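Asks: coords please:
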Amino acid sequence: MSDVGEVLARVHRQEWARVVATLARRLGDLDVAEEMAAEAFATAVERWPVDGVPPNPGAWLTTTAHRKAIDRLRREVRRDEKHREALMLSDTPEPVGAIDDDRLRLVFTCCHPALAMESRVALTLRMVGGLTVPEIAHAFLVQETALAQRITRAKAKIKTARIPYRVPSRADLPARVTGVLAVLYLIFNEGYLASAPGEEAVRAELTAEAIRLTRLVRDLMPTDGEVAGLLALMLLTEARRPARVSAGGELVTLGEQDRGAWDRALIAEGHALVRARLATGQAPGRYQILAAINAVHTDARDIRDTDWSQVVALYDQLVRLDPSPIVRLNRAIAVAELDGPQVALAEIDSLPLAGYHAYHATRADLLRRLGRSEQARAAYDRALELTGNTAETAYLIRRRDQLAGP
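Replies: Numbering: from 1, shown residues only. Below is the predicted model of the structure:
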C-alpha cells in the first residue's frame, strides 16, 4: 500500500493539472472539472491497492474522470439534447488546432484574452502548470487568500461570460502568447528555486518542462523576439544548475559557483539566440534584456571578469520597460558591484518588498559588507522567516552565523 501511496502522490503532482484542464476545456466549467478529477483520484485510492497501478496512471485518471463527467450529465439532465451532448463528449474527437502538444495546447487555451493578464496567468498556473496556490502566491508576491480569490473570480468570469474553452487557431496565438510566456517563465522560476517547504531545492522536472514548452512555442512563432528571448534566458539560467547547490545541500551563489561545471552547450545555444536578436536591430523586450544580462554573466570566466557596467546599463533598459520593485532590487545588486554597497542600500531601502525573502537577503548581504553586523543579522533572520527553500535556508544560516558578534 505504501508503494501505491507513493505512486498516487507522484501522479497527483504530475497529472492533476492536466486532468482538470482537459475536463474544463471539454465541459466549460472549471468547478465541475475539479470535482470530477477529485472523484477520479478518490476512485484510484480505492481500486489501485486491489487492482494494481495501471500501466498509464495519468490516462486512467483522465478516462475515469471523463466517464464520471458523462455520468453526471446523464443523471442531472434527462432531456434528449443534453443526453446527445454527453454521448458526443465520449465519441467526438477533440480538435487539435495549430498546436500538437497536449500541455502547450491547454496553456494557450486557458490563457484567454478576455481575462485580465494576472488572472489568466494565475489560473493557467493552477489548472495546467500544476503549481499550488502557495507557490503561485509566492510568484506574485501576494497573500495566499488573495491569490485564491483571484483564481475563483477568474473561474466565475469564465462561467458567467460563457467564455468557451476553445482550442486556439494559429491566428489566435499572438493575442495569447504574452500570457503563455508569463506562465512558462513562472513555472521555470518555481523549478529554478522551489518555494515550497519539503520540495527539492531545485525542481529539474519543472525547468525541463518549461524549456521544452518554450521550444515548442518558438517553433510555432519563430519570428517573435520575446519567445526567443525567454528561451535564451531559460537556457542560460539552466546551464548553471549543476553548480547551484553544493553536495551538502546549500545554495551556491553566482560568485562562488564552479564555472567549469556549467553546461557549455546550453550557454552556446543561449548566446546564439541573444546575438541573433541583437542582429535584428529591433528594440528588445523584457525577456530579451534578461537574457542579455545572463549572457554577460555566463560570458565571464570569473565573477571578477563580469562587465558590471554593461549589466547595470541593461537593467536601466529593463527598468524603463518594467519599473517593478523586483527589477529595481536586482538592478541594485549589480550597482553594489559597480558603485559599492552603500549606494545600493540607499536604492533598495524604500522598495515595498517587506514580504519578499530575497529583499531581506540582499539587505543582509549589503549590511554585512558595510560592517553593520547587528542589522545584517536581523535582515538574515527576516529572510529566513520568509523562505521555504531548503538550500537557500542553509546558505542564509551559514552567512548569518559568520557575522561578527555584537
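Asks: neighbours of the closest residue in space to Arg153 that isn't next to it in sequence, just the number please.
Replies: Distances taken as C-beta to C-beta, 6 or more residues apart in numbering place Ser119 nearest to Arg153, at 6.8 Å, with adjacent residues excluded. C-beta: built from backbone N, CA, C; applies to glycine. Counted with other C-beta atoms under 10 Å, the neighbours of Ser119 add up to 19.
Asks: show me how this protein divides into domains.
Replies: Here the domain parsing of the chain from automatic domain parsing is 2-91, 334-406.
Asks: which of the ones you listed has the lowest average pLDDT?
Replies: Lowest mean pLDDT within those: domain 2-91, a mean of 71.
Asks: coming back round to it: any idea how far the residue nearest to Arg153 is from Leu147?
Replies: 10 Å (C-beta to C-beta, to the nearest Å).
Asks: Thr62 now?
Replies: 27 Å.
Asks: likewise Glu238?
Replies: Relative to Leu147, and taking C-beta to C-beta, Glu238 is found at 27 Å.
Asks: could you do Ala276 as well?
Replies: Counting by C-beta to C-beta, the gap from Ala276 to Leu147 is 37 Å.
Asks: more neighbours: which of the two?
Replies: Leu147 (23 against 12).
Asks: which other helices and strands contact the helix or strand harbouring that one?
Replies: If you go by DSSP states H and E, Leu147 is part of helix 144-160. With contacts taken as 3 or more C-beta pairs under 8 Å, 6 or more residues apart in numbering; DSSP states H and E, helix 144-160 sits against helix 30-51, helix 117-124, helix 133-140.
Asks: switch the ones you listed over to JSON lines; also include distance to Ala344.
Replies: Compiled in JSON lines, those are given as follows (distance: least, C-beta to C-beta, whole Å):
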{"stretch": "helix 30-51", "distance to Ala344": "44"}
{"stretch": "helix 117-124", "distance to Ala344": "29"}
{"stretch": "helix 133-140", "distance to Ala344": "24"}
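Asks: what's the most buried one of these?
Replies: Comparing these by mean neighbour count (mean count of other C-beta atoms under 10 Å), helix 117-124 comes out on top with a mean of 23.
Asks: if you count neighbours, what's buried in the next helix or strand after the helix holding Leu147?
Replies: Downstream of helix 144-160, the first helix or strand assigned by DSSP H and E is helix 173-192. Neighbour counts using 16 or more other C-beta atoms under 10 Å place 173, 176-192 of helix 173-192 among the buried residues.
Asks: any idea of the angle helix 173-192 forms with helix 133-140?
Replies: Between the axes of helix 173-192 and helix 133-140, defined by axes from the mean of the first three to the mean of the last three C-alpha atoms, to 10 degrees, the angle is 110 degrees.
Asks: now helix 173-192: mean pLDDT?
Replies: Helix 173-192 comes out at a mean pLDDT of 93.
Asks: and the angle from it to helix 117-124?
Replies: Computed by the same axes, to 10 degrees, the angle between helix 173-192 and helix 117-124 is 60 degrees.
Asks: what's near enough to touch Leu396?
Replies: Ala361, Ala364, Tyr380, Ala383, Leu384, Thr387 (C-beta atoms under 8 Å, 6 or more residues apart in numbering).
Asks: again, 6 Å this time
Replies: Leu396 sits next to Tyr380, Ala383, Leu384 when contact means C-beta atoms under 6 Å, 6 or more residues apart in numbering.
Asks: try His360
Replies: Residues near His360 by C-beta under 6 Å, 6+ apart: Ala379, Arg382, Ala383.
Asks: what's the closest non-adjacent residue to Gly129?
Replies: In space, Gly129 is closest to Ile187, 4.9 Å off (C-beta to C-beta, 6+ apart).
Asks: any idea of the mean pLDDT in stretch 199-212?
Replies: Stretch 199-212 comes out at a mean pLDDT of 88.
Asks: what lies in contact with it?
Replies: Under the contact criterion C-beta under 6 Å, 6+ apart, stretch 199-212 has outside partners 184, 187-188, 190-192, 194, 234, 238, 245, 389-391.
Asks: which element follows the helix or strand Asp381 falls within toward the C-terminus?
Replies: In this assignment (DSSP H and E), Asp381 forms part of helix 373-386. The element immediately downstream of helix 373-386 (helix or strand, assigned by DSSP H and E) is helix 390-401.
Asks: now the angle from that following helix to helix 373-386?
Replies: 160 degrees.
Asks: CA atoms of helix 390-401 as CSV?
Replies: Only the C-alpha atoms of helix 390-401 are listed here, as CSV (Å, rounded to 0.1, in the frame of the first residue of the first chain):
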residue,chain,number,x,y,z
THR,A,390,16.0,24.2,2.0
ALA,A,391,19.2,25.1,0.1
GLU,A,392,18.6,28.8,0.5
THR,A,393,17.8,28.3,4.2
ALA,A,394,21.2,26.5,4.7
TYR,A,395,23.0,29.3,2.9
LEU,A,396,21.4,32.1,4.8
ILE,A,397,22.0,30.4,8.2
ARG,A,398,25.7,30.0,7.3
ARG,A,399,26.1,33.6,6.3
ARG,A,400,24.3,34.8,9.3
ASP,A,401,26.4,32.7,11.7
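Asks: how far does that helix sit from its chain's centre?
Replies: 24 Å (C-alpha atoms, centre = their mean, to the nearest Å).
Asks: picking that back up, relative to Val319, which of the domains of the chain is closest?
Replies: Proximity to Val319 (C-beta to C-beta) singles out domain 334-406 among the domains of the chain, at 11.0 Å.
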